[in-house]
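Participant: here's my sequence, what's the structure:
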Amino acid sequence: MKIRFGADYYPEHWPYTRWETDARLMSEMGLNAVRMAEFSWVKMEPTIGVFDFEWLDRAISILGSYNIKTVLGTPTATPPAWLIEQSPEILPIDSSGITRGFGGRHHNCQSNQTYRIHIGRIIEAMAKHYVDNPHVVGWQIDNEFGNSHEDVCHCSSCKAAFHQWLLRKYVDINSLNAQWGTVFWSQTYSNFEQIPTPKITLNAHNPSMLLDWKRFHSDLIVEFQQFQIDILRRICTKHFITHNFMGFSDIVDYFKLAECLDFVSHDQYPMGFFDNPQPMKQPSKLAAALDLIRGLKQKNFWIMEQQAGPTGWQILSRTPRPGQLRLWVTQAVAHGAEAVVFFRWRTCSFGTEQYWHGILPHSGNPGERYNELKETITELVPLMNEIEGASSGAEVAILYSYEQNWALEIQPHHPDLDYVEHTLKYYAAFFNTKVPVDFINASVDFSKYKLVIAPLHFLMSSEMYMQFENYIRQGGHLLLTMRTGVKNMENVCMTDRELPGEVGNLLGIEIKDYDCLREMDMGVMFHGKHYRCNKWCDIITPITAKVVATYTEDYYAGMAAITVTATGKGKAYYVGTEPDGELMDEIVKWLVETCELSSIGSAPIGVELVRRRTDKSDFIFALNHTGKVQTLNAPEDWQPMKCGSEMEPYGMSVFKIKR
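Facilitator: Model (predicted):
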């Protein structure tokens, strides 16, 4: 039985007498999976070493009798009060030196060995108890790694673990001093134990130390996950293991976190929760998050939490309009989701998330959300079965790097420059042009793509340079942007040549000056038309490159803003600024023509086109993100499978093209 749809279920929040009603309603809706127990540590272990799985057994059994499988969560995001009382040292310490107290969730230090002992006990007990349960099919590790951990932990355990991480990397303290440049401000260390964690200081910490701290923090989370995976792999050899990621969250390197999972899962909330402005995120950003998740392992994924109603803790989002829930589910499937689990089954009556609405309202009575999603499941399951394992067929890739993001978080230069937002501007322009895009990291073979874009490639290694060079010389098209090749991998500025360092040989340019556009923007002439750019201007000196755009104002008017050069069989492009939306769209249209990229087709503004490709057919999803009727002029070879060319508000159509 393939799992296609499910819900995040918390039976412990409701009377036992309600459980079978829930199971029946789930089954009638078309759900065949639940995720449970990820926040239920104290319910399963009310006191140390005393386990009570009877309640969970009953819930799993009742659900199983309706052919609903269970994915269990390891409950390590919510250590219980008795554990904190017994071992308060597991509480995290923030950068101001304050111990964060019990309450909420993720109130733990992930390096603390006492905590690891308790984790090992509860996970091993769960694994042994459920290894042979026919209704349990898999595990979710913890919950949303990186959520709540931005400013923690700085305890003595984490400090010691940081020192060990640094020792493994640098071997001796003299090497660290040299590579960090600790002679600055008399910060030279005589041993690793002197190195602080980056607590609040009077000015600012060494950028090299801050980058290594972010790397360490990420590696710690990856290792914390692996500690749990190892226990489960040893006992539950037939169960899958996943984790629920959070789109463009930047605390942990998701490519590393994904490596040891069977597949990745994602939490998709189109209306957000603390986002401002409301009512919802741009369709291109929703699509980008899904494509990033697919790119982490270069394979399709699950949605472990799909928005099912208004979100909110203290403050609420808007209520989804009729058709939007169906639209968002279809968008997830179109971008590679092979199962969709809704958060949550029923809106909770107590606790922090009382107003994070589920499929059912507080009353537990099925309403319009239930009915809309029930119809959606009925129409999507046959399609999902047909396109299982299908790819995007993308010819364009964005090289996404957590290290570049971290380095620019430390020194963004312009107060509004943001790695993720900058990257998403490129993605959005391809989205508007209906050209599919994959997200990749450096381990992926670039030659699979006609065009690779590496936004804000601030840190540069010789290995990365060689990968770029080989790709271009063999016929690839590489686009690099402003602030490329500024620093080495230890976050130290290059000094052996002009910017953009060695990669300037590929680009055929030098950058001898630049301008941070504070409180202003800049004009650009591109293909004979005037446009605007903002945040930053690299003042480019072409050596062998051809100038395709120039600045139009200030002392560098007439100087190069965008260049291209032929290298070997390929081409290297350089965009020395952040284009505004209109200019970005024109640049991408030019790239589509120059690189001979294939568009899926044409559609009205607000209608997204997504392709899923199998060996025999292309499946085209048309998604109307507007509240108005839209008409799609579908080509003759697009065979309608769902709906057709006339699209209702927030509607969708699916077409099939034989290859």
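Participant: quick check: the gap between Ser653 and His205.
Facilitator: When CB to CB, to the nearest Å is applied, the distance between Ser653 and His205 equals 53 Å. For every residue, glycine as well, the C-beta is placed using N, CA and C.
Participant: which one's more surrounded, those two?
Facilitator: Set Ser653 next to His205 and count neighbours by other CB atoms under 10 Å: Ser653 wins out with 24 against 16.
Participant: parallel or antiparallel, which strands does the helix or strand where the more buried one lies pair with?
Facilitator: Under DSSP states H and E, the secondary-structure element containing Ser653 is strand 652-658. Partner strands for strand 652-658, per DSSP bridges, with pairing direction: strand 617-624 (antiparallel), strand 639-642 (antiparallel).
Participant: and the residue nearest the centre of the chain, what pLDDT?
Facilitator: Central residue of the chain (CA atoms, centre = their mean): Gly247, 2.5 Å from the mean position. In this model, Gly247 is scored at 97, pLDDT.
Participant: ok, it - contacts?
Facilitator: For Gly247, the contacting residues are His266, Asp267, Gln268, Ala289, Leu292, Ile293, taking CB atoms under 8 Å, 6 or more residues apart in numbering as the criterion.
Participant: mind listing the residues bridging to the third one?
Facilitator: Following DSSP bridges, Gln268 is listed with bridge partners Gln306.
Participant: is it true that it touches Ala288?
Facilitator: No. The pair Gln268 / Ala288 is not scored as a contact, 11.6 Å apart, by CB atoms under 8 Å.
Participant: just to revisit the earlier point, out of the strands paired with strand 652-658, the one nearest Pro320 is which?
Facilitator: Between Pro320 and the strands paired with strand 652-658, the tightest spacing by CB to CB is seen for strand 617-624, at 14.5 Å.
Participant: ok, residues contacting the closest one?
Facilitator: 283, 327, 330-331, 333-334, 383, 386-387, 390, 393, 600-601, 603, 606-613, 630, 632, 634, 638, 641, 647-659.
Participant: just stretch 491-505 next, same as before
Facilitator: Taking CB under 8 Å, 6+ apart as the criterion, the residues outside stretch 491-505 that touch it are 179-181, 207-208, 210-211, 407, 410, 457, 459-460, 462, 465, 468, 480, 484-488, 507, 509-512, 514, 538, 543, 574.
Participant: 6 Å instead?
Facilitator: Contacting residues not belonging to stretch 491-505 are listed as 181, 207-208, 211, 407, 460, 465, 484-485, 487, 510-512 [CB atoms under 6 Å, 6 or more residues apart in numbering].
Participant: kindly report the same for stretch 364-373.
Facilitator: When contacts are defined by CB under 6 Å, 6+ apart, stretch 364-373 is touched by residues Gly309, Leu325, Arg326, Arg346, Ile359.
Participant: any idea how far the last one lies from Met29?
Facilitator: For Ile359, the distance to Met29 under the criterion CB to CB works out to 8 Å.
Participant: which residue packs closest to His457, ignoring adjacent ones?
Facilitator: Distances taken as CB to CB, 6 or more residues apart in numbering put Thr484 closest to His457, at 4.6 Å, once the chain neighbours are dropped.
Participant: please apply the same query to Met641.
Facilitator: The shortest distance from Met641 to any non-neighbouring residue, by CB to CB, 6+ apart, is to Val654 (4.5 Å).
Participant: need the contact list for the one you found.
Facilitator: Phe621, Met641, Lys642.
Participant: now tabulate these in CSV and tack on pLDDT, distance to Asp438 and neighbour count.
Facilitator: As requested, the contacts of Val654 are exported to CSV (pLDDT from 0 to 100; distance: CB to CB, whole Å; neighbours: other CB atoms under 10 Å):
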residue, pLDDT, distance to Asp438, neighbour count
Phe621, 98, 17, 23
Met641, 94, 24, 17
Lys642, 89, 25, 17
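Participant: mind checking which of Ile359 and Met29 has more residues around it?
Facilitator: More neighbours sit around Ile359 than around the other of Ile359 and Met29, counting by other CB under 10 Å; the figures are 26 against 23.
Participant: read off the pLDDT value for the nearest residue to that one once chain neighbours are set aside.
Facilitator: Leaving aside its chain neighbours, Ile359 sits nearest to Ala308 (4.8 Å; criterion: CB to CB, 6+ apart). Here the pLDDT value assigned to Ala308 is 98.
Participant: check Ala572 too.
Facilitator: According to the prediction, Ala572 has pLDDT 98.
Participant: tell me who's in contact with it.
Facilitator: Contacts were defined as CB under 6 Å, 6+ apart; by that measure Ala572 touches Ile472, Leu478, Leu506, Leu507, Thr565.
Participant: let me know the outermost residue of this structure.
Facilitator: Counting by CA atoms, centre = their mean, the extreme residue of the chain relative to its mean C-alpha position is Tyr555, 40.4 Å from that point.
Participant: tell me if that residue really is in a helix.
Facilitator: No. With DSSP: H, G, I helix; E, B strand; the rest coil as the criterion, Tyr555 is coil rather than part of a helix.
Participant: quick one on the thing from earlier: of the strands paired with strand 652-658, which is nearest Ile68?
Facilitator: If we rank these by CB to CB, the stretch that ends up nearest is strand 639-642, at 26.1 Å.
Participant: look up phi and psi at Glu85.
Facilitator: Summarising the backbone geometry of Glu85 under the convention degrees, to the nearest 10, its torsions are phi -60, psi -40.
Participant: likewise Arg116?
Facilitator: Dihedral angles of Arg116 (phi, psi; degrees, to the nearest 10) stand at phi -60, psi -40.
Participant: neighbours of it, just the number please.
Facilitator: Neighbours of Arg116 (other CB under 10 Å): 17.
Participant: how much space separates the spatially closest residue to it that is not a sequence neighbour from His217?
Facilitator: In this structure, Arg116 finds its nearest non-sequential neighbour in Phe227, 6.4 Å apart by CB to CB, 6+ apart. According to CB to CB, Phe227 and His217 sit 16 Å apart.
Participant: which helix or strand contains Asn534?
Facilitator: strand 529-542.
Participant: how far is the helix or strand immediately after that strand in the chain from where the chain is centred?
Facilitator: For strand 529-542, the following helix or strand on the C-terminal side (DSSP H and E) is strand 546-551. Distance, stretch centre to chain centre, for strand 546-551: 34 Å (CA atoms, centre = their mean, to the nearest Å).
Participant: mind listing what's buried along strand 546-551?
Facilitator: Taking 16 or more other CB atoms under 10 Å as the basis for neighbour counts, the residues of strand 546-551 that come out buried are Val548, Ala549, Thr550, Tyr551.
Participant: and stretch 41-60, how far apart are its ends?
Facilitator: Counting by CA to CA, to the nearest Å, the length from the leading to the trailing residue of stretch 41-60 is 16 Å.
Participant: pull the number of nearby residues for the closest residue in space to Phe184 that isn't next to it in sequence.
Facilitator: Excluding the flanking residues, the one nearest Phe184 by CB to CB, 6+ apart is Asn206, at 7.2 Å. Burial measure for Asn206: 20 neighbouring residues, criterion other CB under 10 Å.
Participant: quick one on the thing from earlier: so of the contacts of Ala572, which ones are in helices?
Facilitator: In this view, these that belong to helices under DSSP state H are Ile472, Leu506, Leu507.
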